[in-house]
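1. Got a predicted structure here, sequence first:
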Amino acid sequence: MKVKNFIITMLSLVVKIVIVIVAVTYIAKGAVKTYNYGYSVFEDKPFESAPGRDIQVTIPEGSGAKEIGKILHDKGVIGDPTLFWIQNLLSSYKDELKAGTYTLNSSMSAEEIMKELAGVEEPTEEELAEAAGEGA
């Protein structure tokens, strides 16, 4: 009787240890995956390395960042539409993306893509020189 109780107690202990090991393994894998995804949000790494491919993309009127992310993913401009949506939510281009036809490059970062879709133009060298002259 004592041997039977001992065996049952030991089996119960082994099962509990296995359950804890499995749970810790899944939690650790989930934590690593979550960290890596979070890191990607702020890394702003292009989908492809330079020179990339020029791709013409049409954004329909009324498209939100989620829809735009899906369009860009389907065209091969970005790798993850959800990641693009999150990056847009956290950027200064939130609610600024405009409909239209654009030529984007697969080596552009999400920030560069959003800047293009928001219609923000780079200042010319002349404008930069004028601005520097006014500050002096």
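-> Done, it's in.
2. does residue 55 count as helix, strand or coil?
-> strand (DSSP: H, G, I helix; E, B strand; the rest coil).
3. Next one: it, what pLDDT does it get?
-> What the model reports for residue 55 is a pLDDT of 93.
4. Can you name the residues bridging to it?
-> Beta-bridge pairing for residue 55 (DSSP bridges): residue 104.
5. the strands in this protein, which residues?
-> 54-59, 100-105 (DSSP state E).
6. Can you name every helix or strand that the last one contacts?
-> Read that as strand 100-105. Using 3 or more C-beta pairs under 8 Å, 6 or more residues apart in numbering; DSSP states H and E as the contact criterion, the neighbours of strand 100-105 among helices and strands are strand 54-59, helix 110-117. Every C-beta, even on glycine, is put in place using the N, C-alpha and C of the backbone.
7. do the first one as well
-> Here strand 54-59 touches helix 65-75, strand 100-105, going by 3+ C-beta pairs under 8 Å, 6+ apart.
8. rewinding a little: looking at the helices and strands packed on strand 100-105, which is closest to residue 27?
-> Between residue 27 and the helices and strands packed on strand 100-105, the shortest separation by C-beta to C-beta is 29.5 Å, and it involves helix 110-117.
9. what are the C-alpha coordinates of the closest one, in CSV please?
-> What follows is the C-alpha trace of helix 110-117 in CSV, where atoms were taken according to Å, rounded to 0.1, in the frame of the first residue of the first chain:
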residue,chain,number,x,y,z
ALA,A,110,8.0,52.3,-43.8
GLU,A,111,8.8,55.9,-42.7
GLU,A,112,9.8,56.7,-46.3
ILE,A,113,6.7,55.1,-47.7
MET,A,114,4.5,57.0,-45.3
LYS,A,115,6.2,60.2,-46.1
GLU,A,116,5.6,59.6,-49.8
LEU,A,117,1.9,58.7,-49.3
